[in-house]
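# Fold the following.
(one chain, ligands or ions: 1)
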Amino acid sequence: MPFLILNLFGVLDAKRSGEDAVKSYAMNSGCSYSIIRPGRLVGGPYTNLDLATLFQVEGGASNGVTVQSGDALLGDCKRDVCAEAVLQCLENRECEDVVFSMHRFRASSATASMTAGVSAAAAAAIFLSYPARMERDHHHDVQYSISRETIQQHTTSNNNIMTAWSSSLLDSNYWLRSNIPTKCEAVNNKKMDTVNNNKTFASNTPATVYGEEEESNSANGRINYYYKRMNPNDVDRTSLMESHAIFGPLWGEGLIERYHVYKRINTNNEHPQIVLQSPRELTVVDLKVGKKLNGHDGIIHGGIISLLFDEAMGWAYECLQQQDQIDSSGMIIVTANLTVNFRAPFLAGSEAVIRVYHNETKGRKIYFSARLESKDGRVVFAEASSLFVLARKDKLRMKER
Ligand SMILES: CCCCCCCC/C=C\CCCCCCCC(=O)SCCNC(=O)CCNC(=O)[C@H](O)C(C)(C)COP(=O)(O)OP(=O)(O)OC[C@H]1O[C@@H](n2cnc3c(N)ncnc32)[C@H](O)[C@@H]1OP(=O)(O)O
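Numbers count the residues shown, from 1 in each chain. Sure, this is the predicted structure:
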């Protein structure tokens, strides 16, 4: 059908801008997405049942689908099959960040023309986004309930999709996994982490990690940096290993299994003409939390996440102090305020990184922000901001009494 007719009243433009909105939302929030462009929806309660039977819209061979990238396909698409595709998108990693169109394998032209106008209003693309990269194999129920909510959220204006979805749930057989075309519409939202490249913290991160980034207001436009592992054994605090929450009682198998602190070192620091942008990354913690620190079953307790943040920011202060030579004699740094936003469940047994940024220093007050995110930077589990205050040691003791 000519584009001009299909796009009457700007329908296709509206769909396109909807897709763009979903993509940019995903890019900014660490979700992945699948965009399905089904053909005209047929079958189910919203197509005249007699016609559907007459033209054998339901069942049998009409369950076959053709999946292709772009918009090359013309034809119709069964509602229940489309709904199943939605479900499969939630389950299959192959469907992350892809855009594809989907049509009935044997769409007869008679059926297509007879159903025209009956279901056209319902033939909207389904946009879904959901927190990706959660370990979907574990805690299937939890993930499923998230998925179900997401579906409901995104389909409240399209009840027919929900009806079809629930009826097709049971015989889902994952045909999309093998049918998703390899050349789906080029989608590259992996540049969402604007501050760091994503290669830096793979598994088995070495003691020193190199990287570089663009820094728009620097003299030569480029900052070279590397991360250097900080060794807790070097810290002049005997309590660090024994009674320190993380390195003491909460350390071990099933508990906090890794907490490697890396200090970021910008090698351009010696060039004073380079003004570093704020907020600037100070510290990255490469961590793993075991399966015994949960709140809900399988989900790491938010209090533990807050602890991990607080500690990371404490180390960031140490890095800042080493860089800026803050005079802290007779002073001790303490957390005055810590705010945490939990964005996606952080599952037990997960690995992740915390990136800490220095926002501002005002006298004794130091403001940090931080993110707990997957190593590839695609999922943000939590964000935090804090105020640390340099307090006089003797004054702190006075308050104790
Ligand atoms: C080779 C390798 C070497 C590596 C070395 C690495 C070493 C790293 C090692 C290990 C890292 C460990 C990291 C641990 C991290 C954990 C930290 C914690 O969890 S600390 C425990 C929890 N926090 C407390 O217990 C504080 C209790 N609170 C207090 O003591 C006071 O309230 C305090 C000190 C925060 C402020 O009391 P005031 O009397 O000194 O000062 P006032 O005048 O009240 O506040 C100063 C300014 O701050 C603002 N302020 C204070 N509290 C605020 C709040 N909650 N929200 C907003 N503003 C606040 C005030 O409005 C004031 O601002 P205006 O100067 O007027 O502009």
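# secondary structure class for the residue of the stretch 301-401 of the chain found nearest the ligand?
Closest contact between the stretch 301-401 of the chain and the ligand, by C-beta to the nearest ligand atom, is at Gly314 (2.1 Å). (Glycine included, C-beta is placed from N, CA and C.) Secondary structure, DSSP: H, G, I helix; E, B strand; the rest coil: Gly314 is helix.
# Specify the beta-bridge partners of the nearest residue to it once chain neighbours are set aside.
Once flanking residues are discounted, Gly314 sits nearest to Ile333: 7.0 Å by C-beta to C-beta, 6 or more residues apart in numbering. Per DSSP bridges, the residues bridged to Ile333 are Leu390.
# ok, now which ones touch the residue of the stretch 301-401 of the chain closest to the ligand?
Ile333, Thr335, Phe388 (C-beta atoms under 8 Å, 6 or more residues apart in numbering).
# Assign a three-state SS to the second one, would you?
Spelled out, that is Thr335. Secondary structure, three-state DSSP: Thr335 is strand.
# Start at 218, not 1
Understood, numbering begins at 218; the last thing we discussed is Thr552.
# can I assume Leu472 is in contact with Leu510?
Yes: contact criterion C-beta atoms under 8 Å: Leu472 and Leu510 qualify, at 6.0 Å.
# Have a look at the two and say which one is more surrounded.
Comparing Leu472 with Leu510 by other C-beta atoms under 10 Å, the one with more neighbours is Leu510, at 18 against 15.
# From the ligand, how far off is that one?
According to C-beta to the nearest ligand atom, to the nearest Å, Leu510 stands 18 Å off from the ligand.
# quick one on the thing from earlier: tell me who's in contact with the residue nearest to Gly531.
Taking C-beta under 8 Å, 6+ apart, we find Ile550 in contact with Gly531, Tyr534, Ile583, Phe605, Val606, Leu607, Ala608.
# now do 6 Å
Taking C-beta atoms under 6 Å, 6 or more residues apart in numbering, we find Ile550 in contact with Tyr534, Phe605, Leu607.
# What of Arg475?
Leu504, Lys505.
# ok, now how distant is it from Ile522?
Using C-beta to C-beta, to the nearest Å, Arg475 is found at 15 Å from Ile522.
# go on, Val298?
For Val298, the distance to Ile522 - C-beta to C-beta - is 40 Å.
# Can you mark which positions in stretch 237-255 are buried?
239-240, 243-244, 247-255 (16 or more other C-beta atoms under 10 Å).
# Please name whichever of these scores lowest on pLDDT.
The pLDDT minimum for those sits at Gly247, where the score is 65.
# Show me which residues of the stretch 468-617 of the chain are close to the ligand?
Proximity of the stretch 468-617 of the chain to the ligand, by C-beta under 6 Å from any ligand atom, involves residues 527-528, 531-532, 535, 551-554, 580-582, 604, 606, 608, 612-613.
# 5 Å instead, please
Asp527, Gly531, Trp532, Glu535, Val551, Thr552, Ala553, Asn554, Val606, Ala608 (C-beta under 5 Å from any ligand atom).
# Quick check on the fourth one: phi, psi?
Pointing back at Glu535 there. phi -60, psi -40 (degrees, to the nearest 10).
# quick one: it from Ser251, how far?
43 Å.
# returning to that earlier point: format the contacts of Gly531 as a markdown table; extra columns: distance to Thr500 and pLDDT.
Converted to a markdown table, the contacts of Gly531 look like this (distance: C-beta to C-beta, whole Å; pLDDT from 0 to 100):
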| residue | distance to Thr500 | pLDDT |
| --- | --- | --- |
| Ile550 | 14 | 93 |
| Thr552 | 15 | 97 |
| Phe605 | 13 | 97 |
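# give me the number of residues near Gln540?
By the criterion of other C-beta under 10 Å, Gln540 has 17 neighbours.
# where exactly do the strands run in the stretch 468-617 of the chain?
Remark: strands assigned in the stretch 468-617 of the chain by DSSP state E, counting those that start in this stretch are 473-483, 497-506, 548-559, 568-579, 582-590, 597-609.
# Domain-wise, how is this structure divided?
Per automatic domain parsing, the structural domains of the chain span 220-396, 425-617.
# Would you single out the least confident of these?
Confidence, taken as mean pLDDT, is least for domain 220-396 of those (a mean of 54).
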